[in-house]
Structure formats: C-alpha cells, structure tokens
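Student: Quick one, fold the following:
(chains A and B)
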Amino acid sequence: MDLVVFFIASVCAIASAIAVVAQKNPFVSALALLANLASLAALMLLLEAQFVAAAQIIVYAGAVMVMFLFVIAYVGPRGEIGPGARKPWLVALSVVAALLITVEIIVVVVGASLGEVASVDGDYGSPAAIGKALVTHYLLAFEVVSVILFMAAIAGVVFGAGGRPVRLSTDQVLAKEGESAVARRREASRAALEAARDSTTGESAR
Amino acid sequence: MVDGVILTIIKSLVLASVLMGFFAYMTWVERKLIGRFQARYGPNRVGPYGLMQPIADLGKMLQKENMIPEMAHRKLYIAAPFIAMTCAIGAFGLMPFGNVATIPGTDWTIHLYIANTSVSLLVVAAIGSLGFYGLMIGGWASSSKYALLGGMRAIAQLVSYEVAFTLAVIGVIIQASSLSFVTISNAQEHLWYIIPQFLGFLVFFVAAVAESNRPPFDLTEADGEVVAGYHTEYGGMRYAMFAAAEFINAITLSALGAVLFLGGPSGPFLPGPIWMILKIGAFLFVLIWIRATLPRVRFDQLMKIGWKVLLPVATLNLLLTAVAVVYL
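Tutor: Numbers count the residues shown, from 1 in each chain, chains lettered A, B, ... in the order given. Below you'll find the predicted structure:
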C-alpha cells in the first residue's frame, strides 16, 4: 500500500515538475507547481510527517500559490511565451544550474547513509512534538524567522502603497470633508457623464 | 482508516450519498424559508409541499446544453467545477458523527467517523484551501472579465477571512490541546466550548459566513457588479456543481462549528448522528435567516470587517485563552 502510494506520488511529482517548465502558459505552469506541492505533501505523509504535509498544503497551496495565480491572472489574459522569447544565454545558464543541482543531489544521496530504515516513535511528526521542538530546541531560529517575516510584511505594505495617496471611500470622504464634498464629487461625475453622452449622441446624429 | 479499507470505502460512499441528499433537501429548506421570510410560499408545485423540487431542478439542469465559451481554456474550464466539488465533499469526510456504535442484532462495532488523525482540523483547512482553486480556475478559464473579477474577489475574500477564521479556531485548539475532531468533541462532554470561547465563536461564525460566500458576504456573485461572479460563463450541470460545492462548503463549516463549539455528536437521548444533523441544521437555519435579513456589504466594508474587526478580536481571544490555559 505504502509502495503504491509512493510510486503514484513520485510519478505525479516528477510529471508536474516537468510541466512547470514545459508549459507555455504561465497560469497552467503555476497550477502544475501546485500539483507538484500536493504530490510532495503526499510523500511527506508517507514519512510520518502529517503536520508538515498539512502545513505544506495550507501555506504553499493555500496562500503562496494563490498569490502567484492572482498576479498571473491580473497581468495578462494569455501571456504565452513564443519561441522568439528564448534567449541563448538564459538557456545556457539554466543548463548550468540544472547540472549544479544534479551534482548536489548526487553528493547528498551518496554522502548520506540511506541503507537502513530509520525507526520513529508514535509521537513523531505530530503537531505536539513539532510545537515542542519549535519552542524549546529551535526557539531562537523560530523567533528570528518570525521577525524576518514580519519585516517582509511591512516592506510589502510600504512597496505596495508606493507613496501614492490612498483613494478614500465614500464613508471616509464623508467623515473628512462633510456632505458638501460628496455632493460636489457626485455633481462633477454627473457633468462628465452628460458631456460624454452629448458627444456620443452628436456623433450618431452626424 | 480505523475500520479497514473495505469498510472505510463503504462508509465514505454512504457519507457522500447522505451529504448529497442532505444538500439537495437543504436547498428546498432554504427556498421554503426564504419564501416564508418574505411573506410568500416558496416552492409548492412539484410534489406535496414542493418536496420534489430539488429533483425537478436536477432534471432541468441535466437537460441543459453543455456549452463552452469559444475563448475559454477548455481543459481548465471543464476541470474547475470538479475541483470545487471534490474539495467540498472531501473536506466533509473527516467530520465525526459519534464514537463507536454497535450494529443492532450483531456484535459488529463500527466507528462513526471515517478517519481520526492528530491533524484533522488542518486537513480540513488544507482541503478547503484547495477548493479555492476551483473558483479561481473557473473564473480565469472562462476568459470573461466578469468571471475573472468574480474569481479574484472570491480569492481576496477567502484569503482575508481565513486568517481571522484560523485564529478563532486556535482558541478551541488550545483549550482542547488537540487538533483531532474526536478528541475535541469528547473534551466538551461537560461544557460546550461556545461558553468559554464565546468571543472566538462570534469571530468563527462571521468568518464562516464569509468563507462560504453566503449573504451578506456574497460579494463574489454580486449581480449588480460582476453579473454572477466566477460562474458567469457556466451553465447547466457545471453551474450546478459550483452551486453545490458552495452549499456543501456551508454545510462543512456548519459541521465544523458544531464540532468545535457545540460539542459535536454528543447529546442526551438521541444517537450521535442525529445530534450532529440537528446541530448542522441549526447553523444552516441561522445562515438562511441572515441571508433573508441583511443586505450585502460593500467590498471595502467587507475588507474592513475582516482585517479591522475580526482579526483584532480573534487575536484578543487567542491571548485570553492562552493566558487562561496557562495560569488557571
């Protein structure tokens, strides 16, 4: 049973990883990455890491990839890459990067003793065990990462606002400038609308 | 899998069928209740009390043409409703309906839940978050601006409210010190968590209404703004699958509320599954009641409620719970 799940998940992981780079459509590419993350979560389940598997789906699939897709969907309707967009130096660089990663994997796999099956106790990989490890043994790293993430969030807000004035909602305009300001704005937009209508009817009459 | 592979498959099939039947008749209940709230009868033509209405609706949906917009991304357009539906049913699968039951007349015992893991709650959250992709893919693959905007709105709303939702649920997790539904519902034998976790319950409930895209938070399908949202370009059975996924999500969230705050399947006199259905029904009734009562909020109001009201309240509840658990 475990072996069957392992092979299905591995095949899915490899196939979706190839699809990520082979697909021309960025939206489909991102979906393939999502499938890859889900297959990895299945592999983690086989390694008794239920919490990490669930967290992988919630964090990567549920939050990170949503943002990827959000951006891709907004950027263009069908931003497909044609054959002309492939630059030779990029191809060369990607081959070098792939070779380096392959060498690294080989070194790690050969260097590690993968001969025997590791034995784990029943509590291994449970949320309680991971929580305990995070706030005792890895407390410093945990706190440092949380500070870094917090800084990243603030940086995101600052860059996202970009120094532009924030557009106010009707409620906020009301609170700030009173009824007359809202009425003035409404009047202005009505005038603009009427001007637009006049110009179109004028054209059709001609 | 607590009962072996074959029994688990049988239990899953039974649960999925019961869930679909329950969903079909909840649509009847909803239309009937909305009718009554608005001083009219609701469906009353097909069968006695309009009881055959869901079946008539299904028949109508099945007869519709399965059209695909010319500019749509065909594969994703077809896949999207299936993703939404699969995730909706899958998330419901971990709900407990009791502990161990003996089948009458024999000495066979079965567990009234399909699986019990130490991360049940996270798994439901994970499957639920995969369900978002159904809406997003559907919105994008339709190649329609309204559908895309509806899908984007859905994602923005779901991601925002998931934060407050999760924080509200963490209060319960801390108090029960478990993520397993069975342990959480057993821990409420003497006192339902709605009492010590009332603040968390309020946040949970508001966030659950938003998460299930139901009025007054149904911005994703605000007819005056984005036509029908992400399923604008869908018709017939594919549309019905999106609608079903949405309603089943509401049922799952109601079940989650029943397990986390109302003691799950425990209760006097009646067996566990009955109690569970009654509690889910109570949640759904309130959801329908709200739908009939409140007007839809604006998008900026929606975001304001999520980030400026629910999130601080949920954080406060989390802090209070943590202090209480450690020092009391």
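Student: Which parts of chain A are helices?
Tutor: Assigned by DSSP state H, chain A shows helices spanning A:2-22, A:26-46, A:50-56, A:65-75, A:88-111, A:127-135, A:139-161, A:170-177, A:179-205.
Student: what residues does stretch B:264-278 touch?
Tutor: The set of residues external to stretch B:264-278 that reach it, using C-beta atoms under 8 Å, 6 or more residues apart in numbering or on different chains, is B:22, B:95-99, B:101, B:112, B:181, B:184-186, B:188-189, B:255, B:258, B:279. Backbone N, C-alpha and C define where each C-beta goes, glycine included.
Student: okay if I get the helices of chain A as TSV plus mean pLDDT and mean neighbour count?
Tutor: Formatted as TSV, the helices of chain A follow (pLDDT from 0 to 100; neighbours: other C-beta atoms under 10 Å in any protein chain shown):
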stretch	mean pLDDT	mean neighbour count
helix A:2-22	89	13
helix A:26-46	88	20
helix A:50-56	86	22
helix A:65-75	80	17
helix A:88-111	89	10
helix A:127-135	85	14
helix A:139-161	89	10
helix A:170-177	66	12
helix A:179-205	69	10
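Student: Show the buried residues in the contacts of stretch B:264-278.
Tutor: The neighbour-count criterion (16 or more other C-beta atoms under 10 Å in any protein chain shown) marks B:22, B:95-99, B:112, B:181, B:184-186, B:188, B:255, B:258, B:279 among the contacts of stretch B:264-278 as buried.
Student: Could you check how many residues crowd around the closest residue to chain A within the stretch 151-300 of chain B?
Tutor: In the stretch 151-300 of chain B, no residue comes nearer to chain A than residue B:300, which is 4.7 Å away by C-beta to the nearest C-beta. Residue crowding around residue B:300 was assessed by other C-beta atoms under 10 Å in any protein chain shown; the count is 14.
Student: With residue B:219 as the reference, measure out to it.
Tutor: Residue B:300 is 10 Å from residue B:219, where distance means C-beta to C-beta, to the nearest Å.
Student: follow-up on the earlier one: can you redo the helices of chain A as TSV with distance to residue B:207?
Tutor: Written out in TSV, the entries for the helices of chain A read as follows (distance: least, C-beta to C-beta, whole Å):
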stretch	distance to residue B:207
helix A:2-22	32
helix A:26-46	24
helix A:50-56	20
helix A:65-75	17
helix A:88-111	41
helix A:127-135	22
helix A:139-161	20
helix A:170-177	22
helix A:179-205	32
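Student: For chain B, which of these is the nearest?
Tutor: Chain B sits nearest to helix A:50-56 of all the helices of chain A, at 3.7 Å, using C-beta to the nearest C-beta.
Student: could you say what helices and strands the closest one packs with?
Tutor: Helix A:50-56 sits against helix A:26-46, helix A:127-135, helix B:120-141, with contacts defined as 3 or more C-beta pairs under 8 Å, 6 or more residues apart in numbering or on different chains; DSSP states H and E.
Student: Just send those helices back as JSON lines, with distance to residue B:325 too.
Tutor: Below are the helices and strands packed on helix A:50-56 laid out as JSON lines (distance: least, C-beta to C-beta, whole Å):
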{"stretch": "helix A:26-46", "distance to residue B:325": "30"}
{"stretch": "helix A:127-135", "distance to residue B:325": "14"}
{"stretch": "helix B:120-141", "distance to residue B:325": "17"}
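Student: of these, which approaches residue B:312 most closely?
Tutor: Comparing these against residue B:312 with C-beta to C-beta, the closest turns out to be helix B:120-141 (21.3 Å).
Student: can you give me how far that closest one is from the chain middle?
Tutor: The chain centroid and the centroid of helix B:120-141 are separated by 12 Å under C-alpha atoms, centre = their mean, to the nearest Å.
Student: Got the phi and psi for residue A:124?
Tutor: Residue A:124 has phi and psi values of phi -60, psi 130 when expressed as degrees, to the nearest 10.
Student: Per-residue pLDDT of residue B:252, please?
Tutor: We have a pLDDT of 90 for residue B:252.
Student: so who does it touch?
Tutor: Going by C-beta under 8 Å, 6+ apart, residue B:252 touches B:88, B:91-92, B:95, B:124, B:128.
Student: if we go to 7 Å?
Tutor: Residues in contact with residue B:252 (C-beta atoms under 7 Å, 6 or more residues apart in numbering or on different chains) are B:88, B:91-92.
Student: Among these, which one sits closest to chain A?
Tutor: Nearest to chain A among those, counting by C-beta to the nearest C-beta, is residue B:91 at 11.9 Å.
Student: Check whether that closest one really touches residue B:128, as I assumed.
Tutor: Yes - between residue B:91 and residue B:128 there is a contact under C-beta atoms under 7 Å: 5.1 Å.
Student: hang on, the earlier thing: which SSE is the residue of the stretch 151-300 of chain B closest to chain A in?
Tutor: Assigned by DSSP states H and E, residue B:300 belongs to helix B:299-304.
Student: helix or strand right after that helix?
Tutor: Scanning onward from helix B:299-304 (DSSP H and E), the first element met is helix B:311-327.
Student: which other helices and strands contact that following helix?
Tutor: Applying 3 or more C-beta pairs under 7 Å, 6 or more residues apart in numbering or on different chains; DSSP states H and E, we find helix B:311-327 packed against helix B:145-176, helix B:198-211.
Student: Give me the phi and psi angles of residue B:114.
Tutor: Phi and psi for residue B:114, reported as degrees, to the nearest 10, are phi -80, psi -40.
Student: Tell me which residues touch it, please.
Tutor: Contacts of residue B:114 (C-beta under 7 Å, 6+ apart): B:8, B:11-12, B:15, B:93-94.
Student: Recalculate using a threshold of 6 Å.
Tutor: B:11-12, B:93 (C-beta atoms under 6 Å, 6 or more residues apart in numbering or on different chains).
Student: Kindly report the same for residue B:56.
Tutor: Applying C-beta under 6 Å, 6+ apart to residue B:56 gives the contacts residue B:46.
Student: Looking at the buried ones among the contacts of stretch B:264-278, which is nearest residue A:103?
Tutor: Distances from residue A:103 to those, taken as C-beta to C-beta, are shortest for residue B:181 (46.4 Å).
Student: residue ranges with poor pLDDT in the stretch 1-150 of chain B?
Tutor: Within the stretch 1-150 of chain B, the stretches with pLDDT under 70 are B:1-3.
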